[in-house]
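S.K.: predicted model, plus sequence, below.
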There are 2 protein chains.
Amino acid sequence: MVKKNVTIHDIAKELNITASTVSRALNDHPLISDSTKERVRKVVKKLNYQPNTVAANLRKGKANTVGLVIPRINRIFFANIISGIESVLNEAGYNIIITQSEENLDKEISNIQTLINNRVRGIIISHSKASKNGKHFQKIIDNGIALVQFDRVLENINCSNVTNDNRNGSYEATKHLINQDYKKIAFFGGPQHINIYKNRYLGFIDAMKEKNIPIDKSLVFNNAVTRESGFNTLAELHKNNNLPDAIYAVSDYSALGALLYCQNTNIKIPDEIGIVGFLNEPFCEFITPSLTSLNQFGVSMGESAAKLCLEQIISKEINFSKKVIISPQLIIRDSSNRKKESI
Amino acid sequence: MVKKNVTIHDIAKELNITASTVSRALNDHPLISDSTKERVRKVVKKLNYQPNTVAANLRKGKANTVGLVIPRINRIFFANIISGIESVLNEAGYNIIITQSEENLDKEISNIQTLINNRVRGIIISHSKASKNGKHFQKIIDNGIALVQFDRVLENINCSNVTNDNRNGSYEATKHLINQDYKKIAFFGGPQHINIYKNRYLGFIDAMKEKNIPIDKSLVFNNAVTRESGFNTLAELHKNNNLPDAIYAVSDYSALGALLYCQNTNIKIPDEIGIVGFLNEPFCEFITPSLTSLNQFGVSMGESAAKLCLEQIISKEINFSKKVIISPQLIIRDSSNRKKESI
DNA sequence: CTGAAAGCGCTAACAA
DNA sequence: TTGTTAGCGCTTTCAG
């Protein structure tokens, strides 16, 4: 038997009052008498009434819902972000609809459309690698929905965002290598149309310039963010007799690939080659040698993104655009510490 | 300026037809002429109409939405689960509302209530450590909402679930240690009221019994799932001159704690102590010595849970209750492989 | 193939 | 302090 949902009307009938009174009582309206509220509460229990948020949302013309569009949920960085977002939004009484783009532009677009159709108040998004511009983001803004980008940010869209200070982080990482007397530093980077990778490259350049070290283009790679590519890139350099004495990799995975290549070929880390990664994945601490890396504060980033989103929702401003920049932290470990600095 | 949403009525007016025709056209109803559909499509574009799913859901009395209740999103196992769930449900046209209980019973209860109020069609849940019984789950079933538990499962609730074969996994892990000629095996377990921990204990017992090794109660611990507790538990055993020659830890974190303790005190792994963990966290592969562990297939578990949920939603059965059991895979690494078996 | 009419469950202005 | 009334935007039965 499919049972019919109990409604406010059913409660009203039971008490010989009207639906509006019941509604008000349920929402703890100040003008409703305590006795009425109490009677309503009793009948709610008795009939096992469950409020219908969908109906309330429709009537109010808005829902306390925020949508998330994430490339991949099962990356620890994104999982941390989601966790931070959830804490803040749940606390504020908001629901979260989660979607993943799987680095696919079409899926990203359709996820955004779904969220718009569900009349979310805000969308928090980190775009897929396939998104080269923010045309599909404009629709969010045009529909009066708060928009916050994080981590990966498309610059041509006027909205709030939360990012790592990738450039400065890279600068610090590179400077650290230079201070360790590494001279021939390879850069294992990512696609330059993605702003985080671009900024990581710029920070690398900043440090090299500051220390008057010319950039050797044969040591700069913009497609080396995976374990395989890290391994292969270093192998290629080795084969060409062009081994660097240090690698700054903008992803721990390519750093890992390079590290494994060194282990395979008996290149000593950090003596012959120093390695620094980015992300501070959990394995950095435990691998041998432990891997120097830049820690991003995922949970904090998520919290900030959620707060910006709430702020915009509450302010109702259309051109709301605040930027939060979070500094990554260089965690110096064995893989780059050949001067044995105390850490 | 806050712009008013364009509705089906606006489209109808524009075309001098009725809202019902527009609605049908939008839903590709077979009885609507192609020309009408085409005209509607044009006006949709022109007016930039965004369908309102909330209203449609209310009218249809149901939404294609499923809720998730997860202890912590930022654990890679749960992140994998969520990812698997998302893929399947998104494919089927469902939205996902995500919540985390943070191991807190009150939050779990309120999350469930929120989901019920949002009229989700199904709830997929892994309960918090604070949930000792499923009283609060019954409400889900009573409201005709599909319920699927995964991983951590409360047994007194009649619903579908997806679990690891924790008992058999533990059995295999323990047998592996015994086959490696370890004789004095410590068990670092978790709270026995949580069924996964209980089953992991039972599997341990199974193997020990099969091999006629008596259980030494002084080596059995039921509160050792964290890095700290793994470290301290082993330290305590050491202090008491009661060092085991192997540890089977039901969590990689306590295995890690034990491993670090061995490193600190120069106990040789795997020669003096063999260690096996559970979860196959990414660091297992990279730590030295690499850590033998049981891999759980999180993404598959998520996919299975989502499929069971969909199946129940479609079947509309009240007493739907299927069980999917996924076998964890023992990945033998250096930490327990003292006979140097080829892996 | 299209229209008329009713209503999903709730809330809120206005009235009393 | 409560009731009346209207309607959020959509779908669907029944009628034509």
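M.R.: Structure's in. What do you need? Numbering: from 1, shown residues only, chains lettered A, B, ... in the order given.

S.K.: report the buried residues of the one helix or strand A:Ile11 maps to.
M.R.: Using DSSP states H and E, A:Ile11 sits within helix A:8-15. Neighbour-count burial for helix A:8-15, counted by 16 or more other C-beta atoms under 10 Å in any protein chain shown, picks out A:8, A:10-12, A:14-15. Bear in mind the C-beta positions are built from the backbone N, C-alpha and C, glycine included.

S.K.: which SSE is immediately downstream of it?
M.R.: Going down the chain from helix A:8-15, the next helix or strand is helix A:19-26, by DSSP H and E.

S.K.: averaged pLDDT, that following helix. What do you get?
M.R.: What helix A:19-26 shows for mean pLDDT is 95.

S.K.: same thing with stretch A:84-96?
M.R.: Here the average pLDDT along stretch A:84-96 is 96.

S.K.: is DNA strand C contacted by that stretch?
M.R.: No - shown here: stretch A:84-96 not in contact with DNA strand C (C-beta under 7 Å from any atom of the strand), separated by at least 13.2 Å.

S.K.: how is chain A divided into domains?
M.R.: A:8-51, A:62-163+A:298-327, A:166-296 (automatic domain parsing).

S.K.: want to throw those domains into JSON lines with distance to B:Tyr201?
M.R.: Below are these laid out as JSON lines (distance: least, C-beta to C-beta, whole Å):
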{"stretch": "domain A:8-51", "distance to B:Tyr201": "39"}
{"stretch": "domain A:62-163+A:298-327", "distance to B:Tyr201": "29"}
{"stretch": "domain A:166-296", "distance to B:Tyr201": "27"}
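
S.K.: just how off-centre is the longest helix seen in chain A within its chain?
M.R.: Taking DSSP state H as the criterion, chain A has its longest helix at helix A:298-315. Averaging C-alpha positions (C-alpha atoms, centre = their mean, to the nearest Å) puts helix A:298-315 12 Å from its chain's average.

S.K.: for stretch A:5-14, same thing?
M.R.: For stretch A:5-14, the distance to the chain centre is 44 Å (C-alpha atoms, centre = their mean).

S.K.: which bits of chain A sit near DNA strand C?
M.R.: Residues of chain A lying near DNA strand C (C-beta under 7 Å from any atom of the strand): A:4-5, A:7-9, A:19-20, A:23-24, A:26-27, A:51-52, A:55-56, A:58-60.

S.K.: one step back: and the buried residues of helix A:8-15, which is closest to DNA strand C?
M.R.: For those, the residue nearest DNA strand C by C-beta to the nearest atom of the strand is A:Ile8; the value is 3.4 Å.

S.K.: my read is that that closest one contacts A:Ala19, right?
M.R.: Yes - counting by C-beta atoms under 8 Å, A:Ala19 is a contact partner of A:Ile8 at 4.8 Å.

S.K.: just to revisit the earlier point, helices or strands up against the longest helix of chain A?
M.R.: helix A:76-91, strand A:122-125, strand A:146-150, strand A:160-164, strand A:323-326 (3 or more C-beta pairs under 8 Å, 6 or more residues apart in numbering or on different chains; DSSP states H and E).

S.K.: could those go into a markdown table alongside mean neighbour count?
M.R.: Putting the helices and strands packed on helix A:298-315 into a markdown table (neighbours: other C-beta atoms under 10 Å in any protein chain shown) gives the following:
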| stretch | mean neighbour count |
| --- | --- |
| helix A:76-91 | 22 |
| strand A:122-125 | 29 |
| strand A:146-150 | 27 |
| strand A:160-164 | 25 |
| strand A:323-326 | 15 |
